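structural data only, the sequence is not supplied:
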């Protein structure tokens with residue numbers, strides 16, 4: 001069974017891996033905070049919620065080729081990086097180092113990710129039917 005051609009999104013494998021890794025880090029962050037839910041402050045819970053909302057919005061926009069995600073993604077990565085370093089989210093220093101490494105690699109690949117996303121957004125707007133006002 002095949003899906004409708006309109007809904008098939010063809011992305012490079014590394015782009016799919018980028019999205020998968022960032023979603024996996026988000027899930028791992030959730031699990032770490034869930035284990036410590038009674039020990040974290042309200043401020044830490046709000047920062048964690050902001051991380052989750054930013055990640056879901058940004059990664060979803062990247063997946064669907066939305067223009068806003070190109071500018072939201074580096075802001076999300078910087079916010080996440082500062083949050084991880086300022087708030088003790090993870091149990092060990094090694095976990096924190098891995099997550100910081102993922103954030104830094106994601107920031108380094110951001111220009112290529114943004115180029116692909118912008119090209120997909122341009123394609124989508126060029127093929128969209130004209131709206132009548």
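Okay, I see it. These figures come from a predicted structure and were not determined experimentally. Numbering: from 1, shown residues only.

show me where this protein has helices.
13-35, 42-64, 68-86, 93-127 (DSSP state H).

export these to CSV and tack on mean pLDDT and mean neighbour count?
(Each C-beta comes from the backbone N, C-alpha and C, glycine too.) Output for the helices of the chain, formatted as CSV (pLDDT from 0 to 100; neighbours: other Cβ atoms under 10 Å):
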stretch, mean pLDDT, mean neighbour count
helix 13-35, 91, 15
helix 42-64, 91, 16
helix 68-86, 92, 17
helix 93-127, 88, 14
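
name the surrounding residues that touch stretch 54-61.
19, 22-23, 26, 66, 68-69, 72-73, 75-76, 79-80, 117 (Cβ atoms under 8 Å, 6 or more residues apart in numbering).

tell me the spacing between residue 34 and residue 43.
Note on residue 34: its distance to residue 43, by Cβ to Cβ, to the nearest Å, is 17 Å.

actually residue 33, not the one I typed
Residue 33 is 13 Å from residue 43, where distance means Cβ to Cβ.

quickly note the distance from residue 38 to residue 44.
For residue 38, the distance to residue 44 - Cβ to Cβ - is 12 Å.

next one: residue 24
According to Cβ to Cβ, residue 24 stands 21 Å off from residue 44.

swap in residue 117?
Per Cβ to Cβ, residue 117 is found 31 Å from residue 44.

what's the end-to-end length of stretch 34-44?
Start-to-end span of stretch 34-44 (Cα to Cα, to the nearest Å) is 12 Å.

ok, residue 26 - contacts?
Applying Cβ under 8 Å, 6+ apart, the residues contacting residue 26 are 51, 52, 55, 56, 59.

list just the nearest of those residues to residue 13.
residue 59 (16.4 Å; Cβ to Cβ).

the closest residue to residue 102 other than its chain neighbours and residue 100, how far apart?
Take residue 102 and drop its neighbours on the chain: the residue closest to it by Cβ to Cβ, 6 or more residues apart in numbering is residue 25, 5.4 Å away. To residue 100, residue 25 is 10 Å away according to Cβ to Cβ.

now residue 92, what are its backbone angles?
Per-residue torsions, residue 92: phi -120, psi 160 (degrees, to the nearest 10).
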